[in-house]
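Colleague: I would like to see how this sequence folds:
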Amino acid sequence: MKKNSISEFELERQEFKIKLKRGGVVANEETSFTYLPSGGPVSNQSALPPPVPAAASGEAEIKSPMIGTFYRAPSPESGSYVEVGTEVNPDTVVCIIEAMKVMNEIKAEARGVITQILLENAKPVEFGQPLFKIRPL
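Modeller: Residues are numbered from 1 along each chain as shown. Now for the predicted structure:
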């Protein structure tokens, strides 16, 4: 990729899809494993891309790093990780996304206050789909 100045590559075949990005984290969405460019596996906790500022409001979005099912709490009996008004830091777990029967904790990756929850519990989520809006502090 470096030799040919390619920064992103995506390959899709029947039931297999892989997306590579140079200089960042590479995720194989079918297995929900995350690999570093060196090829060594790391934990199934996904790295969230930094929040992208929303156009007019000055808010940022926490986006889904994978395809799966969005859960606001660690179990049906537990309270939600965050609510509107909750102050979060980069290490705060804001939700879980289940992919291939693996529960992946999603962290805020930014300091701020949750201003909006954009999905209902137990709903499907797509890669890059906004999950929360956050007002940076």
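Colleague: got the CA positions of the helix or strand hosting residue 19 in PDB?
Modeller: Residue 19 is part of strand 16-21 when elements are defined by DSSP states H and E. Provided in PDB are the C-alpha atoms of strand 16-21 (Å, rounded to 0.1, in the frame of the first residue of the first chain):
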ATOM      1  CA  PHE A  16     -16.200 -12.100   3.200                       C
ATOM      2  CA  LYS A  17     -15.400  -8.400   3.400                       C
ATOM      3  CA  ILE A  18     -12.100  -6.800   4.500                       C
ATOM      4  CA  LYS A  19     -11.200  -3.100   4.600                       C
ATOM      5  CA  LEU A  20      -7.600  -1.900   5.100                       C
ATOM      6  CA  LYS A  21      -6.600   1.700   6.000                       C
END
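Colleague: by contact count, what packs against that strand?
Modeller: Secondary-structure packing of strand 16-21 (3 or more Cβ pairs under 8 Å, 6 or more residues apart in numbering; DSSP states H and E): strand 8-13, strand 26-28. Bear in mind the C-beta positions are built from the backbone N, C-alpha and C, glycine included.
Colleague: Kindly provide the whole-number mean pLDDT of that strand.
Modeller: Mean pLDDT, strand 16-21: 74.
Colleague: Show me which parts of that strand are buried, residue by residue.
Modeller: Within strand 16-21, the residues that count as buried by 16 or more other Cβ atoms under 10 Å are 18, 20.
Colleague: and the angle for that strand with strand 8-13?
Modeller: 180 degrees (axes from the mean of the first three to the mean of the last three Cα atoms, to 10 degrees).
Colleague: Which segments of this structure make up each domain?
Modeller: Domain ranges of the chain: 1-42, 52-136, per automatic domain parsing.
Colleague: Would you single out the least confident of those?
Modeller: domain 1-42 (a mean of 59).
Colleague: Just give the closest residue to residue 121, not the sequence neighbours.
Modeller: Distances taken as Cβ to Cβ, 6 or more residues apart in numbering place residue 72 nearest to residue 121, at 4.7 Å, with adjacent residues excluded.
Colleague: roughly how far apart are that neighbour and residue 79?
Modeller: In this view, residue 72 and residue 79 are 9 Å apart by Cβ to Cβ, to the nearest Å.
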